[in-house]
Structure formats: C-alpha cells, structure tokens
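Asks: What shape does this take:
(chains A and B)
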2 protein chains.
Amino acid sequence: MHYFLAVRQMMRSLKLLDTILDKAAKYAEVRKFDVNNLCSARLFPDMLPFVAQIRIACDTAKATAANLSGKEAPRHEDNETTFAELRARIGKCLAVLETYTADDFARTTATTMVRLPNKPGKAIAADEYLFARQIPNFYFHVVTAYDLLRHNGVEIGKNDYYGPLDFVDA
Amino acid sequence: MHYFLAVRQMMRSLKLLDTILDKAAKYAEVRKFDVNNLCSARLFPDMLPFVAQIRIACDTAKATAANLSGKEAPRHEDNETTFAELRARIGKCLAVLETYTADDFARTTATTMVRLPNKPGKAIAADEYLFARQIPNFYFHVVTAYDLLRHNGVEIGKNDYYGPLDFVDA
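Replies: Numbers count the residues shown, from 1 in each chain, chains lettered A, B, ... in the order given. The predicted structure is shown next:
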C-alpha cells in the first residue's frame, strides 16, 4: 500500500534530517559559532527561516498520515528557538508516526476523498493529495532546510539526504 | 498504479518548473540583467550550479519512467548554457515522458527488482527505488533550482511550485 509506504519514507527522511542537524551542530563546534544562529537563517528576506522549514516538514508528514487514515494529528506548538528543541520536535513527530500501521491506510483508495482540517468544505482525492500536495510540500521544506545549511557551509552531502539504499546483488 | 502516477506527477512538476523559468526571465527583463547569469548560480561553491539542477531533475524523471517500466531512456546531452536551452531540455524530457502510458508499468510490482544502467550488478526493489531514491532525488533538484531563484530575488511562491490542486466542494 503506497500510502503507508509514503509515510514510512517521510519518517526515514525526518530521521536523516535529524542526523543532518547533528552534523550542523558538530560543524558549529569546530568552527566555534553558536549553531542556534542558524535557526533564523533564510535564503531571502521574505522566505521562512530554518526553524519554520523543520516545523513544516514535521507537520506535513504528520498531516499526511492523519488525513490519509482518517485520524486526527496531535498539534505540536511552534515555539522552538534552538537546534536541541528542533531535534526534539522531529522526535515528537516521529513518535506520532510510529503509531501508524499499514492497517490504518487499508480502507483508503485512489478515489477516497480526503477532507483537510484547514480547508473546511473542501476535499481532494487521496492520490492527488499525496502526490501533488503532500510529497512535494514535504520535500520542499526538507530540501530548503538542507540548502540553508549547505549555503551556510555545513559539510553535508547527498548521502546524508538519501541515507543507505537497499541495493542487492543481481 | 502508483508508478505511473508518480511519473505523471514529475511531469506536472517539470511543467511548473518551466513556468518558473519563464517568470525568472521576465524578472530579469524588469530588473535589466541577463537571465542567463543565473545559469551558474550556486548556493555554495561546491554545490552544483542552476543548470545542473535542471538537467538532473529532468534525467531523474526520465530514469524513473524508464527503469520502472523496463524501457531505455534516450540520452540528452548536458550542453545548455542559456535559459532558452534549459527550457528546451525540459521540453525534450516531457516529450519522452508523454510517450508512457499506465500499461507500461502494469507488470511492475512492489517486489519487482529494478536494474539501473549506472549500477551494473546491482538491483533495488521498485518501491524502494521510487520512494527512497527517485522521488527524493527529483525534488532535491527541483527545490534547489527554486531556492536558487528565490535566493536571487526572483518573485515566485509556493503556488508556482504546486500548481493548481484538484480540490472539490465536499
């Protein structure tokens, strides 16, 4: 079932993002600056800062799981000001996502109409919601967070973003 | 079938990216600079430039369709130096992707082992290939291209990235 798969993949990406945040913290130590200075980094003055990129990546994953399974997502306050708090935010989100099983998505099909809490009176087909809205939005914020760190010199690469892939001999 | 859906979504994102490049060209006209100056823009000196972000986004979409359907992707030379050429590259890629139908992916299942031309002797399960490698890679390059333009002041927003979504009254 690709809805559950997509949620599992978002969990994997969030765990990788957490490791990337750890690398940023170690980089800041070596270069002797306060890693929390990166929390307010933006690529342009009217773009959202780094903290918001992390929060929205988390909330998008949480909403994807909740809305595709007909559950309610617990609300997490947007009050983080440090890397430690952002990593805790990712942890809280992962703990919620861990509660989902494939069974939660078993009744959802391509034509299931998904109602969104923040769009009263509107609905969107499950596959359109996942592929056209949630996956692009999730990666928008994950990649922008990565790009912000790279732009600020943090030594990370594509492998930190993908993580290990399950290749086999064939 | 979610393999075909994912390819259709990449096509949609590439069309939106083409429109974003057009907006960048119009922005350059208004601000009286040569839009092609953006081709070499990078977020950090050891990151790939804007031209490469577009090429790799195209090639990732093309490879996803080819490898998940057992077809061969035509090779497109990496020789673009202008926005017009980059938009033509997107057009060439879209023309290839337009040839695919849902039937091309009908024999591919979650456990189909996908062999990749650039990984001789290795294979990866179709779902792992799509969700863990191709979708993250595709959006990595699309979002980094978007971020590069935003960082350079181009006036684009989230709606340019998503495009219109099929919400209905419910």
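Asks: A:Glu29 and A:Phe83, how far apart?
Replies: Distance, A:Glu29 to A:Phe83, using Cβ to Cβ, to the nearest Å: 11 Å. The C-beta positions use only the backbone N, C-alpha and C, and glycine is treated the same way.
Asks: Now do the shared contacts for the two.
Replies: Applying Cβ atoms under 8 Å, 6 or more residues apart in numbering or on different chains, one finds that A:Glu29 and A:Phe83 are jointly contacted by A:Val35.
Asks: between these two, who's got more neighbours?
Replies: Using other Cβ atoms under 10 Å in any protein chain shown as the criterion, A:Glu29 and A:Phe83 rank with A:Phe83 on top: 22 against 11.
Asks: wait, doesn't that one sit right on A:Asn36?
Replies: Yes. Taking Cβ atoms under 8 Å as the definition, A:Phe83 is a contact partner of A:Asn36 at 5.9 Å.
Asks: The one helix or strand A:Glu85 maps to near chain B anywhere?
Replies: For A:Glu85, the element it lies in under DSSP states H and E is helix A:83-98. No. Applying Cβ under 8 Å from any Cβ of the partner chain, one finds helix A:83-98 separated from chain B by no less than 14.8 Å.
Asks: Can you spell out which helices and strands pack onto that helix?
Replies: Using 3 or more Cβ pairs under 8 Å, 6 or more residues apart in numbering or on different chains; DSSP states H and E as the contact test, the elements touching helix A:83-98 are helix A:2-31, helix A:50-69.
Asks: Extract the C-alpha trace of the last one and format it as PDB.
Replies: Right, helix A:50-69. Extracted as PDB, the C-alpha positions of helix A:50-69 are listed here (Å, rounded to 0.1, in the frame of the first residue of the first chain):
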ATOM      1  CA  PHE A  50      15.200  27.500   9.100                       C
ATOM      2  CA  VAL A  51      13.100  26.800  12.200                       C
ATOM      3  CA  ALA A  52       9.900  27.000  10.100                       C
ATOM      4  CA  GLN A  53      11.300  24.700   7.500                       C
ATOM      5  CA  ILE A  54      11.800  22.000  10.100                       C
ATOM      6  CA  ARG A  55       8.400  22.500  11.700                       C
ATOM      7  CA  ILE A  56       6.500  22.400   8.400                       C
ATOM      8  CA  ALA A  57       8.400  19.300   7.300                       C
ATOM      9  CA  CYS A  58       7.300  17.600  10.500                       C
ATOM     10  CA  ASP A  59       3.700  18.900  10.300                       C
ATOM     11  CA  THR A  60       3.400  17.800   6.700                       C
ATOM     12  CA  ALA A  61       4.400  14.200   7.500                       C
ATOM     13  CA  LYS A  62       2.000  14.200  10.500                       C
ATOM     14  CA  ALA A  63      -0.900  15.600   8.400                       C
ATOM     15  CA  THR A  64      -0.200  13.100   5.600                       C
ATOM     16  CA  ALA A  65      -0.500  10.100   7.900                       C
ATOM     17  CA  ALA A  66      -3.600  11.600   9.700                       C
ATOM     18  CA  ASN A  67      -5.500  12.700   6.700                       C
ATOM     19  CA  LEU A  68      -4.900   9.600   4.600                       C
ATOM     20  CA  SER A  69      -6.000   7.300   7.500                       C
END
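Asks: I appreciate the help and will end here.
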